[in-house]
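Visitor: Got a predicted model here, sequence first, then my questions.
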2 protein chains.
Amino acid sequence: MPIAKKEWKCVRTEPGPDLKLFTTRFDYMKNPRNDQTDKMIIIESEDSANVIALTPEKQILFVRQFRFGIRDFTVELPGGLVESGEEQAIAVQRELEEETGYTSQKWHPLGKIPSNPVFMNSFIHHWVATEAIKTSEVQWDESEDIELLLIPLEEARERLYQGFFQHPHTSNALILFFKWLDDLK
Amino acid sequence: MPIAKKEWKCVRTEPGPDLKLFTTRFDYMKNPRNDQTDKMIIIESEDSANVIALTPEKQILFVRQFRFGIRDFTVELPGGLVESGEEQAIAVQRELEEETGYTSQKWHPLGKIPSNPVFMNSFIHHWVATEAIKTSEVQWDESEDIELLLIPLEEARERLYQGFFQHPHTSNALILFFKWLDDLK
């Protein structure tokens, strides 16, 4: 797929409002097709990471929690925001342990994808952790209230295809995981 | 999976800053585990929709465009925001025609997923349109500059598993599409 690149130029940028979880900026981007400049909102944050943690019994760890955007519960992979200055590979191990009490010695990166390339500057990194075992109690943040679910591998695959997982970052991680798993065979 | 529901209560809400593409609000949510209240940012918008448009030659239509969040090009399914008062089923037909010049008489819904359940109130609706043919010239918005790509069905499947598509909403739509396609066989 040979493709010519026509980059948009940012001709001006200014800080936007603070959104508590995020900072923002407005970029004034010039369209190379017509030289028109448009003001675009960019939501800035650290990257995030999530993990398919597989137990020795071939179950995947999921967390069920109330999500404020849709005011409903979702079932998602464990994960969260990388803290400032933290390696994302470390962040995901921390999040797994905090949210589930499980740890693993065997981690493998599955790649990353933009959180939402349209207006966010961050990426979500996907990991698989095998032989995950319970080693500590959960350490929830004050703003967390989490329920742990263990779903057998093949049931999780079926649920992925049914559209059960209500977060695109969980779906994307699972696609890459099942491809990785199938390639091992 | 029997699960007790412990809903968080919104005890107060206030308007947040206007982000041009989005409006925002701050919700004060009370954690049922500890009764602590946290201020959460919610980004409000209409839903969006995207489509797997399949040509008679079994190619899928993709659009390549510069995305401001990551300041790089992505290859995504055609789609976009539903306009206020517009049906999402109509919006996706409009977006397909505007972005690609293709139309179809055969549309099938594939389901929806929250855009990002953590802090967005919107959903993305996925569609498949078969026998899509070119019927008009593209009608790009002033802030669009789009390149059309036709990718053969099985090549698109392979690229999905390689992590080629850099938007989680495109990946999620493709999973549901390939499941739908495989179930037809």
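Guide: Perfect, I can see it now.
Visitor: for chain A, which spans come out with low pLDDT?
Guide: Applying pLDDT under 70 to chain A picks out residues A:1-5.
Visitor: what residues go with each domain of it?
Guide: Per the record, chain A has its domains at A:9-44, A:48-184, by automatic domain parsing.
Visitor: List the buried residues of the shortest one.
Guide: Neighbour counts using 16 or more other Cβ atoms under 10 Å in any protein chain shown place A:10, A:16-17, A:19, A:22, A:24-27, A:29-31, A:37-38, A:40-43 of domain A:9-44 among the buried residues. C-beta: built from backbone N, CA, C; applies to glycine.
Visitor: Which of the domains of chain A sits closest to residue B:77?
Guide: Residue B:77 lies closest to domain A:48-184 among those, at 12.8 Å (Cβ to Cβ).
Visitor: quick one: contacts for residue A:148?
Guide: Shown in contact with residue A:148 (Cβ atoms under 8 Å, 6 or more residues apart in numbering or on different chains): A:61, A:62, A:63, A:64, A:99, A:100, A:101, A:138.
Visitor: mind listing what the closest residue to residue A:81 other than its chain neighbours touches?
Guide: With sequence-adjacent residues excluded and distances taken as Cβ to Cβ, 6 or more residues apart in numbering or on different chains, residue A:81 is closest to residue A:48, at 4.9 Å. Residue A:48 makes contact with A:79, A:80, A:81, A:82, A:88, A:91, A:115, A:122, A:123, A:124, A:125, A:169, according to Cβ under 8 Å, 6+ apart.
Visitor: on that earlier part again, out of the domains of chain A, deepest packed?
Guide: Highest mean neighbour count of the domains of chain A: domain A:48-184, a mean of 19 (counted as mean count of other Cβ atoms under 10 Å in any protein chain shown).
Visitor: Is the residue nearest to residue A:79 when sequence neighbours are not counted bridged to anything, and to what?
Guide: Excluding the flanking residues, the one nearest residue A:79 by Cβ to Cβ, 6+ apart is residue A:50, at 2.9 Å. On the basis of DSSP bridges, residue A:50 takes part in beta bridges with residue A:79, residue A:126.
Visitor: Look up how far residue B:94 lies from residue A:50.
Guide: Distance, residue A:50 to residue B:94, by Cβ to Cβ, to the nearest Å: 34 Å.
Visitor: ditto for residue A:137
Guide: Taking Cβ to Cβ as the measure, residue A:137 falls 52 Å from residue B:94.
Visitor: Name the residues that touch the lengthiest helix in chain A?
Guide: Criterion DSSP state H: the longest helix present in chain A is helix A:168-184. Residues outside helix A:168-184 that contact it (Cβ under 8 Å, 6+ apart): A:48, A:50-52, A:75-77, A:79, A:108, A:110-111, A:113, A:115, A:124, A:126, A:128, A:153, A:156-157, A:160, A:165, B:113-116, B:124, B:160-161, B:163, B:168-169, B:171-172, B:175.
Visitor: Do you have the strands of chain A handy? List them.
Guide: Secondary structure of chain A by DSSP state E: the strands cover A:9-15, A:23-30, A:37-44, A:48-53, A:59-67, A:72-76, A:79-81, A:102-103, A:106-114, A:123-130, A:133-134, A:146-152.
Visitor: what's the angle between the fourth one and strand A:146-152?
Guide: This means strand A:48-53. Here strand A:48-53 points in a direction 50 degrees away from that of strand A:146-152 (axes from the mean of the first three to the mean of the last three Cα atoms, to 10 degrees).
Visitor: which residues touch the most centrally placed residue in chain A?
Guide: Nearest residue to the geometric centre of chain A (Cα atoms, centre = their mean): residue A:124, 4.0 Å. Residues in contact with residue A:124 (Cβ under 8 Å, 6+ apart) are A:47-50, A:79, A:112-115, A:169, A:172-173, B:168.
Visitor: switch to 6 Å and redo it
Guide: By Cβ atoms under 6 Å, 6 or more residues apart in numbering or on different chains, the contact list for residue A:124 reads A:48, A:113, A:115, A:169.
Visitor: One more: residue A:15?
Guide: The neighbourhood of residue A:15, defined by Cβ under 6 Å, 6+ apart, consists of residue A:25.
Visitor: Please apply the same query to residue A:150.
Guide: residue A:59.
Visitor: gap between it and chain B?
Guide: For residue A:150, the distance to chain B (Cβ to the nearest Cβ, to the nearest Å) stands at 10 Å.
Visitor: Run through the residues that contact residue A:30.
Guide: Residues in contact with residue A:30, defined by Cβ under 6 Å, 6+ apart, are A:9, A:11, A:37.
Visitor: Distance to residue A:183 added to these, as TSV?
Guide: As requested, those are exported to TSV (distance: Cβ to Cβ, whole Å):
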residue	distance to residue A:183
A:9	41
A:11	45
A:37	46
